[in-house]
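Kindly return the folded structure for what I paste below:
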Amino acid sequence: MLENRLIPTHTHNQILAVIHALHGGINLLIITIGLFIVAFLRQEPLFDLKPQEWTILIVSLIALLFAAVYLITGIGLWRRKRWARTSALALGCLFVWYPVGLGLGLYAWLFLYSKAGKQLYSKLIPTQ
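Numbering: from 1, shown residues only. Next up, the predicted model:
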């Protein structure tokens, strides 16, 4: 599908890496800042949380974990690590339920399952 030679294979890989890294980095930053703001603006002790506040905290920490995985995957894709291909495909499956994830997931699957994408990750390529 992405066999088009107008854009070289390594450029598709770099685009995918940058999108993953930006998506993860921006989300990591936003969630971290949000958690710090909430922690500093609270009047009561931090461990005296209501059940819904615990839920928000746990969901935020899970989102923080996934943002870090996106960032690490982007770095791995840039360096053409085999594990990053697997991670990008898994993230593409997990996050098809929201608009950015759908676009990113489709692009990742189209490229990484194309003949060129499989070839790029099937051989060891030295990186700078």
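
host element of residue 102?
helix 99-112 (DSSP states H and E).

for residue 13, same thing?
helix 9-41.

chain center to that helix: distance?
How far helix 9-41 lies from its chain's middle: 8 Å, per Cα atoms, centre = their mean, to the nearest Å.

Show the average pLDDT along that helix.
For helix 9-41, mean pLDDT rounds to 88.

repeat for stretch 107-118
The model assigns stretch 107-118 a mean pLDDT of 89.

Only C-alpha atoms, please: export that stretch in CSV.
C-alpha atoms of stretch 107-118 as CSV (Å, rounded to 0.1, in the frame of the first residue of the first chain):
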residue,chain,number,x,y,z
TYR,A,107,-0.5,4.7,9.2
ALA,A,108,1.6,2.5,11.4
TRP,A,109,-0.1,-0.7,10.2
LEU,A,110,-0.1,0.4,6.6
PHE,A,111,3.6,1.2,6.7
LEU,A,112,4.9,-1.5,9.0
TYR,A,113,3.0,-4.3,7.3
SER,A,114,3.9,-3.1,3.8
LYS,A,115,6.6,-5.0,1.9
ALA,A,116,9.0,-2.0,2.4
GLY,A,117,8.3,-1.8,6.1
LYS,A,118,8.9,-5.5,6.7
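
could you check the angle helix 99-112 makes with the helix or strand that the helix holding residue 102 is followed by?
Counting by DSSP H and E, the element after helix 99-112 in chain order, helix or strand, is helix 115-122. Here helix 115-122 runs at an angle of 80 degrees relative to helix 99-112 (axes from the mean of the first three to the mean of the last three Cα atoms, to 10 degrees).
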